[in-house]
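**Q** Make a model of this:
(4 chains)
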Number of protein chains: 2
Amino acid sequence: MRERHAPVRADRGGNPEDGAAVGRRRDPAATKRALLEAACRRFAHEGFASTTVRSIAGDVGVNVALINRYFDSKEGLFEACLRHTLNAVRAARTESGSADLDAVIEVIGEQVTASAWGDGSGDVLLLLLRSSGDERTERLRTTALLEMVDRIALLAPEVPGRSPEVVRLRAQLVLAAAVGAAMLRSARDFLPLAGADAQEIAAPLGDFVRALLSSRAD
Amino acid sequence: MRERHAPVRADRGGNPEDGAAVGRRRDPAATKRALLEAACRRFAHEGFASTTVRSIAGDVGVNVALINRYFDSKEGLFEACLRHTLNAVRAARTESGSADLDAVIEVIGEQVTASAWGDGSGDVLLLLLRSSGDERTERLRTTALLEMVDRIALLAPEVPGRSPEVVRLRAQLVLAAAVGAAMLRSARDFLPLAGADAQEIAAPLGDFVRALLSSRAD
DNA sequence: CTCACAAGTAAACGATTGTTTACAAGCGTA
DNA sequence: TACGCTTGTAAACAATCGTTTACTTGTGAG
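**A** Now for the predicted structure:
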């Protein structure tokens, strides 16, 4: 119940395009990346305190000491995960900058249901809810959340007499629904939500998002 | 940064109405209740793994061993917290069984913002998101969540050609928005949500809830 | 080939965790 | 008052945590 993968060594997801990185028995870049991805999954699903560095190293199949070598500390690894996620959020924002509301709703549905993208940035919504208590990582976390809010708020239709503050609050509630759904899905037997796919989530969530962002009153 | 109260002994919140329980230097019932309330707060805000039994005992001002005496284990204390919360949920459901949609929306707003009721059942939404990994407590947690969903689903207006399953999913998304908002509020600087009061939450959330529950399509 | 450095391992470290044990003190009862 | 059970405490327990140290192994440069 503790280990996700068998602790096989194998390759650490080395990309064939990486040239000389194929077949190398020792590949620090691949090892570091594999540790980061395993850490993202563990932290997202179990939280910071429940996750042990030994379980992360075990997922990758390397010694625990490598975590401290590559990331200084468990806290440093967690910070690297948040930074990795923040970059993914920003990349998604720039590449689809001119998306419409329906497209974003679809993305939200995918994010709520996506439980593993392989590259370690699959459980964005869950990871951004986890806290280690450290001040610096807390700022990173809040920054990523607020940038997601901005992205949602920009898509809200213009409504006369509505302050930006109000739009912002409503956009935060949209994000709240997304992270809440992602969180509740972690409870087995919480059906039908726990078993719904992206499409089934996006449909009703779309009603919610549109109502929240296009409403007139305060 | 670790202790919430000064570890003063004082009385453990003994109710003057409790008759002979006033002024007693030793009051096992009050001690047990104080431990339960402190545990609910700690577990809700810090999660199961991050919370130490010593910090809980320190909040109350008693020795750590009393936790094992009264609740067998840390896990037992967590289970007692969930059971306490489940009872609070059921009590709230029966006492206001004939409430309308607006009333429930107001209650949701209060629950999202309520951070301490003193009796230990203040952070219901946060506590029900915390998991210890144990199977039995996981069932308790899911049960409480599903009963809250039922309460919301019962208030959804009748719409022709809409299956109960769809209503249920939408009610779960309403709860998701509530727990998500409660969770995001724990991030300081997540403004304006983090600083909003119950009324400011209830207004936009009401739009959301009504849109989600009264929409026609699936 | 050889050698120096990087990558990875094994084992132990101190600290903290939940839990247990042995003991002190309060309180009702006789 | 004196006794016995309950309530609470102090201290140590074993286990596990994150981290560090000493060591082995692989690999590319000369």
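**Q** Do you know the pLDDT at the residue nearest to the spatial centre of chain A?
**A** Centroid-nearest residue in chain A, with CA atoms, centre = their mean: A:Val124, separated by 0.7 Å. Per-residue pLDDT puts A:Val124 at 95.
**Q** Apart from its neighbours in sequence, what residue is nearest it?
**A** Excluding its sequence neighbours, the residue lying closest to A:Val124 (CB to CB, 6 or more residues apart in numbering or on different chains) is A:Thr85, at 5.4 Å. C-beta: built from backbone N, CA, C; applies to glycine.
**Q** Give me the secondary structure label for that neighbour.
**A** Secondary structure state of A:Thr85, per DSSP: H, G, I helix; E, B strand; the rest coil, is helix.
**Q** was I right about it contacting A:Leu126?
**A** No: in this structure A:Thr85 lies outside contact range of A:Leu126 using CB atoms under 8 Å: 10.1 Å.
**Q** coming back round to it: number of nearby residues for the residue nearest to A:Val124?
**A** 23 (other CB atoms under 10 Å in any protein chain shown).
**Q** Look up the pLDDT of it for me, please.
**A** For A:Thr85, the model assigns a pLDDT of 96.
**Q** Show the contacting residues for it.
**A** A:40, A:121, A:124, A:127-128, A:144 (CB atoms under 8 Å, 6 or more residues apart in numbering or on different chains).
**Q** try it again with 6 Å
**A** Contact analysis of A:Thr85 by CB atoms under 6 Å, 6 or more residues apart in numbering or on different chains lists A:121, A:124, A:127.
**Q** hang on, isn't A:Ala181 packed against B:Ala176?
**A** Yes: contact status for A:Ala181 versus B:Ala176: in contact at 4.0 Å, counting by CB atoms under 6 Å.
**Q** What residues does chain A have near chain B?
**A** Counting by CB under 6 Å from any CB of the partner chain, chain A comes close to chain B at A:47, A:49-50, A:129, A:142, A:165, A:169-170, A:172-173, A:176-177, A:179-181, A:183-184, A:187, A:189-190, A:192-193, A:204, A:207-208, A:211-212, A:215, A:218.
**Q** that older thread, may I see the contacts of A:Thr85 arranged in CSV, with secondary structure as well?
**A** Output for the contacts of A:Thr85, formatted as CSV (three-state DSSP):
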residue, secondary structure
A:Ser121, coil
A:Val124, helix
A:Leu127, helix
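**Q** which one of the residues you listed is nearest DNA strand C?
**A** When the contacts of A:Thr85 are compared for distance to DNA strand C (CB to the nearest atom of the strand), A:Ser121 wins out at 22.0 Å.
**Q** can you pull the contacts of the closest one?
**A** When contacts are counted by CB under 6 Å, 6+ apart, A:Ser121 touches A:85, A:88.
**Q** same deal with A:Asn68?
**A** With contacts taken as CB under 6 Å, 6+ apart, A:Asn68 has no neighbouring residues.
**Q** Next one, pLDDT for it please.
**A** Listed pLDDT for A:Asn68 reads 98.
**Q** Show me what counts as buried in the host helix or strand of it.
**A** Per DSSP states H and E, A:Asn68 falls inside helix A:65-71. For helix A:65-71, burial by neighbour count (16 or more other CB atoms under 10 Å in any protein chain shown) applies to A:66-67, A:70-71.
**Q** just to revisit the earlier point, of the residues of chain A next to chain B, grab the buried ones for ChimeraX.
**A** Selection of buried members from the residues of chain A next to chain B for ChimeraX, criterion 16+ other CB under 10 Å:
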select /A:47,49,50,129,142,169,170,172,173,176,177,179,180,181,183,184,187,190,193,204,207,208,211,212,215
